[in-house]
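J.: this one's structure only:
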């Protein structure tokens, strides 16, 4: 075949594209199991972080998670446990879940037991920041109203500004805050330093220079935790 002909060039290009595609597909399939493990361990680490627990090493993340997360729960909108199959909560994709109508969303929860025997309930949260998605986990005491800990992450917030939602200085503000006031669900507001929420809710200081991301965290807490109110009301009673 004439190597200078159009037909040769087209066939050569097609063969190269096919070969590259096959190689990339093979690499993807070979690496996917490891990627899935890393994604799962990152999620486990975030859940543990909301409980103020760090695994001794990356290899020990699964065992540490199994030690403290004693049960996966799936709730209905009346606060009843409808499923407690292993990983039923862990396997829910919150990004897809939050795109559903509120009545159709699943309500995953992680029941945890700490070394002192105290029980905590961890809720996954998902929302929007300035430049992309934000998400995290909120641990609630067994009184059904006090925040024990939080862990937030983000997709593409600005370093030094919105990205500071991942810092302890912001997240630890939530420790001990009340989700309920006088029996009514209020969540925890995020307000500018020196201000107070008008609804009487507990609050944390917003990140200076990151107003939209801070509001996103507040809205995420409100929208994602509110459906669990019937469950927590039962605990409180």
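T.: Sure, I can see it. If you're wondering where the values come from, they're calculated on a predicted model, not measured in any experiment.
J.: tell me the secondary structure for the residue nearest the centre of the chain?
T.: Using CA atoms, centre = their mean, the residue of the chain that lies closest to the mean C-alpha position is residue 136, 2.9 Å off. Recorded secondary structure, residue 136: strand (DSSP: H, G, I helix; E, B strand; the rest coil).
J.: So residue 76 versus residue 228, what's the distance?
T.: 11 Å (CB to CB, to the nearest Å). Just so you know, the C-beta spots here come from the backbone N, C-alpha and C atoms, and that holds for glycine as well.
J.: and residue 147, how many neighbours?
T.: Using other CB atoms under 10 Å, the number of residues around residue 147 comes to 23.
J.: How about the contacts made by it?
T.: When contacts are counted by CB atoms under 8 Å, 6 or more residues apart in numbering, residue 147 touches 138, 139, 140, 141, 174, 175, 176, 177, 178, 179, 188.
J.: Show the buried residues in those residues.
T.: Buried members of the contacts of residue 147, counted by 16 or more other CB atoms under 10 Å: 138, 139, 140, 141, 174, 177, 179, 188.
J.: Residue 76 and residue 228 - which one has more neighbours?
T.: residue 228 (21 against 14).
J.: Surely that one touches residue 109?
T.: Yes - counting by CB atoms under 8 Å, residue 109 is a contact partner of residue 228 at 7.1 Å.
J.: buried ones in stretch 72-79?
T.: Using 16+ other CB under 10 Å as the test for burial, stretch 72-79 gives 72, 73, 74, 75, 79.
J.: packing partners for the helix or strand harbouring residue 67?
T.: Assigned by DSSP states H and E, residue 67 falls within helix 61-68. Secondary-structure packing of helix 61-68 (3 or more CB pairs under 8 Å, 6 or more residues apart in numbering; DSSP states H and E): helix 6-50.
J.: Please work out how many residues are found near the closest residue to residue 98 other than its chain neighbours.
T.: Distances taken as CB to CB, 6 or more residues apart in numbering place residue 126 nearest to residue 98, at 4.8 Å, with adjacent residues excluded. Applying other CB under 10 Å, we find 18 residues neighbouring residue 126.
J.: pLDDT value on residue 126, please?
T.: Predicted confidence (pLDDT) for residue 126: 97.
J.: for it, what are its contacts?
T.: By CB under 8 Å, 6+ apart, the contact set of residue 126 is 94, 95, 97, 98, 133, 134, 135, 220, 224.
J.: ChimeraX command to pick out the buried ones of these?
T.: Listed next is the ChimeraX selection for buried residues among these, using 16+ other CB under 10 Å:
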select :94,97,98,133,134,135,220,224
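J.: ranges for the strands of the protein?
T.: Counting by DSSP state E, the chain has these strands, from start to end: 69-75, 81-83, 107-113, 119-128, 133-141, 147-154, 180-181, 184-185, 188-191, 202-205.
J.: Tell me what angle the longest one forms with strand 133-141.
T.: An angle of 160 degrees separates the directions of strand 119-128 and strand 133-141 when computed by axes from the mean of the first three to the mean of the last three CA atoms, to 10 degrees.
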